[in-house]
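Chemist: I would like to see how this sequence folds:
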Amino acid sequence: MSSKIVALVMPKWGLSMKEGTLTEWHVNEGDTIEVGQIIMDVETDKIASEVEAPDPGLFRRKVAQEGDVYSVQALLGVLAPEEVSESEIDDYVATFVQPDTNDEDAQEQASAYAFTDTAIGKIRYTYLNQDAEGTPFMLIHGFGGDLDNWLFNIDALSNVAPVIALDLPAHGQSVIPNFALTLADLTQTVVDLLDRLNVPKTHLVGHSMGGFICSEIARQHPEKVQSLTMIASAGLGKTINGDYIQGFIDANNRRELKPVLQLLFADSRLVTRSLVDDVLKYKRLDGVNTALAYLANELFPSHIQQHAASLSLPLPTLVIWGDKDAVIPASDANTLPDAECHVLENAGHMVQMEKANEVNTIILAHSANQ
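Modeler: Numbers count the residues shown, from 1 in each chain. Predicted structure coming up:
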């Protein structure tokens, strides 16, 4: 069998993904594919996303059909140069052995998430590749999000250095306090987690509200920060889409929630029924809507960003934005004159999900220079 044959397989995004639906091919047999080219769309129980080619080559065979569901690592297509015969490809497809990752995935997922007590209460977090060398990345999600907002980023970053991500209080599976949360509470929770994990210094990466929290940690504890990345960050301007904030708090069913979540993406098709159901399940937890309303009232009263990021420290700062952000305007990306700034085309507020490969490459390049 030719060693020149390269398999295209169902990708694995995050620890919980078991299977995905191939919703559309973007290449045809006979096409020459380049690394990073979009080759297909895949929908999981979390989100739909484009898949970029991990390898270059001539696309010789579509094995998978649009609309069908395939497990992780299943064979979807074949790359091979012209000199490889059709019969060799037939043999390769017929004898392809899909890796059995069930036991490995179960063990990985069981050990992936942990809980720890902080001054606010119990916090869920993940700490990947913690024995690796290098300064860890600390990933902080935004308003109404959770650590799954980094679904397409955690693996790429953890291949280079340790990665920590958490559910902030009143988010994800962390504690829902019975009192009004403040920005100071959220900031101190992240600091408490870093102290409990004995992490002296991090590359802070924050999205939206999480970006502002990162800037507060950098201001209050500069000794803990090696670099700062602010993605579609709050705190860099006054304007915010109040219809999104209030709509997210008020939505109580799929019909109300779906159009609100679509504001997060340039491509509204990425908001799947499963994604809506996951968010709705979170919002129906006791105390969530009250906690979010308190938090929104402090951070965005009258639908205006109340707090401004203070970045007077000589700190390497990276700003990433989507040019079609419908929640916080992309013009805010240019408010930090000393920061490295990237505004990515055809991406919305969740730019780290819509343009994951580009965002990962930019973050890794920036952190490598610090």
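Chemist: Surely residue 276 is within a strand?
Modeler: No - counting by DSSP: H, G, I helix; E, B strand; the rest coil, residue 276 is not part of a strand but helix.
Chemist: Kindly state the domain boundaries assigned to the protein.
Modeler: As assigned by automatic domain parsing, the chain contains the domains 6-100, 105-368.
Chemist: Among those domains, show me which one is buried the most.
Modeler: Among these, ranked by average contacts under mean count of other Cβ atoms under 10 Å, first place goes to domain 105-368 (a mean of 19). Every residue, glycine included, has its C-beta placed from N, CA and C.
Chemist: what mean pLDDT would you report for that one?
Modeler: Domain 105-368 shows an average pLDDT of 92 in the prediction.
Chemist: And for stretch 72-85?
Modeler: What stretch 72-85 shows for mean pLDDT is 92.
Chemist: How far away from the center of its chain is it?
Modeler: Distance, stretch centre to chain centre, for stretch 72-85: 29 Å (Cα atoms, centre = their mean, to the nearest Å).
Chemist: Also stretch 172-186?
Modeler: 21 Å.
Chemist: Residue 137 is in contact with residue 226, correct?
Modeler: No - judged on Cβ atoms under 8 Å, residue 226 makes no contact with residue 137 at a distance of 9.8 Å.
Chemist: what packs against whatever helix or strand residue 218 lives in?
Modeler: Per DSSP states H and E, residue 218 falls inside helix 209-220. Helix 209-220 sits against strand 137-140, helix 183-196, strand 202-207, strand 225-231, with contacts defined as 3 or more Cβ pairs under 8 Å, 6 or more residues apart in numbering; DSSP states H and E.
Chemist: Now with 10 Å, please.
Modeler: Judged by 3 or more Cβ pairs under 10 Å, 6 or more residues apart in numbering; DSSP states H and E, helix 209-220 is in contact with strand 137-140, helix 183-196, strand 202-207, strand 225-231, helix 288-299, strand 317-322.
Chemist: one step back: please enumerate the shared neighbours of residue 226 and residue 137.
Modeler: Listed as contacting both residue 226 and residue 137 by Cβ atoms under 10 Å, 6 or more residues apart in numbering are 202, 203, 204, 367.
Chemist: tell me which element the closest residue to residue 296 other than its chain neighbours is part of?
Modeler: Excluding the flanking residues, the one nearest residue 296 by Cβ to Cβ, 6 or more residues apart in numbering is residue 245, at 5.3 Å. Under the criterion of DSSP H and E, residue 245 resides in helix 242-250.
Chemist: downstream neighbour of that helix in the secondary structure list?
Modeler: Next in sequence after helix 242-250, counting helices and strands by DSSP H and E, comes helix 254-262.
Chemist: give me the element residue 4 is part of.
Modeler: Using DSSP H and E, no element contains residue 4; it sits outside every helix and strand.
Chemist: My guess is it contacts residue 85. True?
Modeler: No - with contact defined as Cβ atoms under 10 Å, residue 4 and residue 85 do not form a contacting pair (11.1 Å).
Chemist: Quick check: which of the helices and strands packed on helix 209-220 is nearest to residue 348?
Modeler: With Cβ to Cβ as the criterion, residue 348 lies closest to strand 317-322 of the helices and strands packed on helix 209-220, at 4.9 Å.
Chemist: okay, the closest one in PDB with CA atoms only?
Modeler: C-alpha atoms of strand 317-322 as PDB (Å, rounded to 0.1, in the frame of the first residue of the first chain):
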ATOM      1  CA  THR A 317      -0.500  43.300  24.700                       C
ATOM      2  CA  LEU A 318      -2.300  41.600  21.700                       C
ATOM      3  CA  VAL A 319      -5.800  42.600  20.500                       C
ATOM      4  CA  ILE A 320      -7.900  40.300  18.200                       C
ATOM      5  CA  TRP A 321     -11.300  41.200  16.800                       C
ATOM      6  CA  GLY A 322     -13.800  40.100  14.200                       C
END
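Chemist: Which neighbouring elements make contact with that strand?
Modeler: Judged by 3+ Cβ pairs under 10 Å, 6+ apart, the packing partners of strand 317-322 are strand 202-207, helix 209-220, strand 225-231, strand 340-344, helix 351-354, helix 356-368.
Chemist: 6 Å - rerun?
Modeler: Counting by 3 or more Cβ pairs under 6 Å, 6 or more residues apart in numbering; DSSP states H and E, the packing neighbours recorded for strand 317-322 are strand 225-231, strand 340-344.
Chemist: can those go into TSV with extra columns for distance to residue 64?
Modeler: Conversion of the helices and strands packed on strand 317-322 to TSV gives the following (distance: least, Cβ to Cβ, whole Å):
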stretch	distance to residue 64
strand 225-231	33
strand 340-344	29
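Chemist: Residue 55 is nearest to which of those?
Modeler: Nearest of the helices and strands packed on strand 317-322 (Cβ to Cβ): strand 340-344, 23.5 Å.
Chemist: Determine the set of other helices and strands touching the closest one.
Modeler: Strand 340-344 is packed against strand 317-322, with contacts defined by 3+ Cβ pairs under 6 Å, 6+ apart.
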